[in-house]
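Chemist: pasting a predicted model and its sequence here:
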Amino acid sequence: MEPPNLYPVKLYVYDLSKGLARRLSPIMLGKQLEGIWHTSIVVHKDEFFFGSGGISSCPPGGTLLGPPDTVVDVGCTEVTEEIFLEYLSSLGESLFRGEAYNLFEHNCNTFSNEVAQFLTGRKIPSYITDLPSEVLSTPFGQALRPFLDSIQIQPPGGNSVGRPDGQS
């Protein structure tokens, strides 16, 4: 019997603040944050991410965010591209519709964590998934929450996944 094909799974990590969070968070929040993280999963030669437009894909590093600040090796998967795209399509019609996006509770990092676990059984690093609760645990974070809850993030440069009409 032939061994299964293994496909590498990478987590692309982008600091949306471009270093400002590291410099300003002690003053504004009273605690050190290393970045404001946007993440995506790279598998089967494409980068997949979630934003207010739903699930999107592009060539790795192909959004206007440019190359990632960090690449984390999540592991390998036996999940084929065909099965993975079916899985993404079902996520795009249920848990990860564009209108389900919420900056603090259901965001790109929630998506990356879900997909990483599906593909490899491993979660993404907790410093990424814990960021919203770290911000909200501060008085400044609580004061900004109504404004921040209204923010919809969709990195430009991707194509919609799972919708035959290409709409998100």
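Modeler: Sure thing, it's come through.
Chemist: rest of the way, CA atoms for contacts and neighbours
Modeler: Fine.
Chemist: please pull out the lowest mean pLDDT helix or strand from this structure.
Modeler: Every helix and strand of the chain was ranked by mean pLDDT, DSSP states H and E. The lowest is strand 159-160, at a mean of 69.
Chemist: per-residue confidence at residue 115?
Modeler: Looking at residue 115, its pLDDT reads 98.
Chemist: nearest spatial neighbour of it, chain-adjacent residues omitted?
Modeler: residue 41 (7.4 Å; Cα to Cα, 6 or more residues apart in numbering).
Chemist: quick one: that neighbour and residue 48 touch, right?
Modeler: Yes - with contact defined as Cα atoms under 8 Å, residue 41 counts as touching residue 48 (5.2 Å).
Chemist: the residue nearest to residue 115 - how many residues pack around it?
Modeler: Residue 41 has 28 neighbours, counted by other Cα atoms under 10 Å.
Chemist: that one belongs to a strand?
Modeler: Yes - when DSSP: H, G, I helix; E, B strand; the rest coil is applied, residue 41 is found to be in a strand.
Chemist: what pairs with it across the strands?
Modeler: Beta-bridge partners of residue 41, counted by DSSP bridges, are residue 11, residue 48.
Chemist: residue 30: how many residues sit nearby?
Modeler: 13.
Chemist: where's it, which helix or strand?
Modeler: Assigned by DSSP states H and E, residue 30 belongs to no helix or strand.
Chemist: report the contact partners of residue 119.
Modeler: 9, 76-79 (Cα atoms under 8 Å, 6 or more residues apart in numbering).
Chemist: thinking again about what came up before, how far away is the residue nearest to residue 115 from residue 30?
Modeler: 31 Å (Cα to Cα, to the nearest Å).
Chemist: what of residue 93?
Modeler: Counting by Cα to Cα - residue 93 and residue 30 are separated by 40 Å.
Chemist: shaky segments in the chain?
Modeler: 1-3, 152-160, 162-168 (pLDDT under 70).
Chemist: can you give me the strands for it?
Modeler: Under the criterion DSSP state E, the chain contains strands at 7-15, 37-43, 46-51, 54-58, 70-77, 159-160.
Chemist: distance to residue 98 added to these, as CSV?
Modeler: CSV is the format used below for the strands of the chain (distance: least, Cα to Cα, whole Å):
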stretch, distance to residue 98
strand 7-15, 20
strand 37-43, 16
strand 46-51, 6
strand 54-58, 4
strand 70-77, 25
strand 159-160, 10
